[in-house]
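[1] Here you go, sequence then predicted model.
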Amino acid sequence: MSPTLAAKGKESGTARILGSGTSGVAELLIFHPVDTIAKRLMSNKAKVSFSTLSPIIFREYATAPLGPKLLSLFPGLGYAAGYKVSQRIYKFGGQPWINDLLTHHFKTDFTNAFGERKGRMMIQATAGSLTGIGEVVLLPLDALKIKRQVNPEAFRGRGVVRIFMEEGSTLYRGWGWTVARNAPGSFSLFGASAFTKEYVLGVSEYSKATWTQNFIASVAGAVASITVAAPLDTIKTRIQNANFEQKTRGVTVVRDLLRDEGATALFKGLTPKILVVGPKLVFGYTVAQSLIPWFANYV
């Protein structure tokens, strides 16, 4: 999840891909452990207390020395790299493109319906929502990453090529819940970010926002997005972390979760995700904004 990357005209598509892709790699190496912690907390079905926190997060490495314990938070790094880099390239390049498309063809409709300022924000939010829905094509990489993080036994020594050949469409399990999560989540991300710039910071041209203004807007947008999408994200994660042959329906997951853990379990893992949202988005945004113009000098 990322704020809009403004195009400056002189930046080629190659520069944007290289810049956003490099940003994704750097972001992954720093924040993958936090993502692992969040996924394991969301997948845990037992009561969480201070005494059980370490076994839930570190599992069999709960009593290991600090080094192996920290390394245990990097499972599925290869799958995560494929997913994160692809997602960042798609997100940074896709949302501005869709935003331009909507502005070119439907600006009058949005303006008539919402007014000039709100119409501009709604275009940003709608472009983000459509981009989020399209992320479903990356679902297999996301599913493999989650399984490596919380259910490595599902791999049983198989490599990624063999898994793709044998599992096929099962890697898209939970796609409906992914779309249901991404549509409002991405809408909230770009919408809240645009709202913050427009009404809180007084920035009418979003691409001219300062680093500080982008930081504030990004945090507001990301917190709104993660909170709105949290229940559906928990359901999606539990569907995806099951063994390949286990066909778990989302409705079953919701029923069992509400019966055994209560409604608050829908927000498991929300706190660590929100705590890392600010620095994660600022890091990804500033690195991409710095690298894309730099790459543009050479490609």
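    Perfect, thanks for sending it. Residues are numbered from 1 along each chain as shown.

[2] what helix or strand does the nearest residue to Ser290 once chain neighbours are set aside sit in?
    Distances taken as Cβ to Cβ, 6 or more residues apart in numbering place Gly19 nearest to Ser290, at 7.9 Å, with adjacent residues excluded. Using the backbone N, CA and C atoms, a C-beta is placed for each residue, glycine as well. Using DSSP states H and E, Gly19 maps to helix 13-43.

[3] now that helix: how far from the chain's centre is it?
    9 Å (Cα atoms, centre = their mean, to the nearest Å).

[4] I'd like the next helix or strand past that helix.
    By DSSP H and E, the next helix or strand past helix 13-43 is helix 50-58.

[5] still on that earlier bit, what's the spacing between the residue nearest to Ser290 and Val25?
    11 Å (Cβ to Cβ, to the nearest Å).

[6] Please say which of those two ends up with more neighbours.
    Gly19 (26 against 13; other Cβ atoms under 10 Å).

[7] Can you name the residues that contact the more buried one?
    Residues near Gly19 by Cβ atoms under 8 Å, 6 or more residues apart in numbering: Phe92, Ala288, Ser290, Leu291, Ile292, Pro293, Trp294, Phe295.

[8] returning to that earlier point: what comes up buried for the helix holding Gly19?
    Buried residues in helix 13-43, counted by 16 or more other Cβ atoms under 10 Å: 15-24, 27-28, 31-43.

[9] returning to that earlier point: give me the buried entries from the contacts of Gly19.
    Members of the contacts of Gly19 classed as buried by 16+ other Cβ under 10 Å are Phe92, Ala288, Leu291, Ile292, Phe295.

[10] Tell me the one of those residues nearest Ala192?
    Using Cβ to Cβ, Phe92 is the member of the buried ones among the contacts of Gly19 that sits closest to Ala192, with 18.2 Å.

[11] so what's the closest one closest to, chain neighbours aside?
    Ser20 (3.8 Å).

[12] Model confidence at that neighbour, what's the number?
    With respect to pLDDT, Ser20 scores 82.

[13] Could you check how far it is from Val200?
    From Ser20 over to Val200 (counting by Cβ to Cβ), the distance is 26 Å.

[14] At which residues are the helices of the stretch 101-250 of the chain located?
    Secondary structure of the stretch 101-250 of the chain, counting by DSSP state H, counting those that start in this stretch: helices at 116-134, 139-150, 160-167, 175-195, 211-240, 250-260.

[15] Which elements pack onto the second one?
    Read that as helix 139-150. helix 13-43, helix 77-114, helix 160-167, helix 175-195, helix 211-240 (3 or more Cβ pairs under 8 Å, 6 or more residues apart in numbering; DSSP states H and E).

[16] right, and Gly284 touches Ser23 too?
    Yes - with contact defined as Cβ atoms under 8 Å, Gly284 counts as touching Ser23 (5.2 Å).

[17] any residues in contact with both of those two?
    Arg88.

[18] Now do Lys91 against Gly24, distance only.
    9 Å.

[19] count of neighbours near Val299?
    13.

[20] Grab the nearest non-local neighbour of it.
    Thr14 (4.3 Å).
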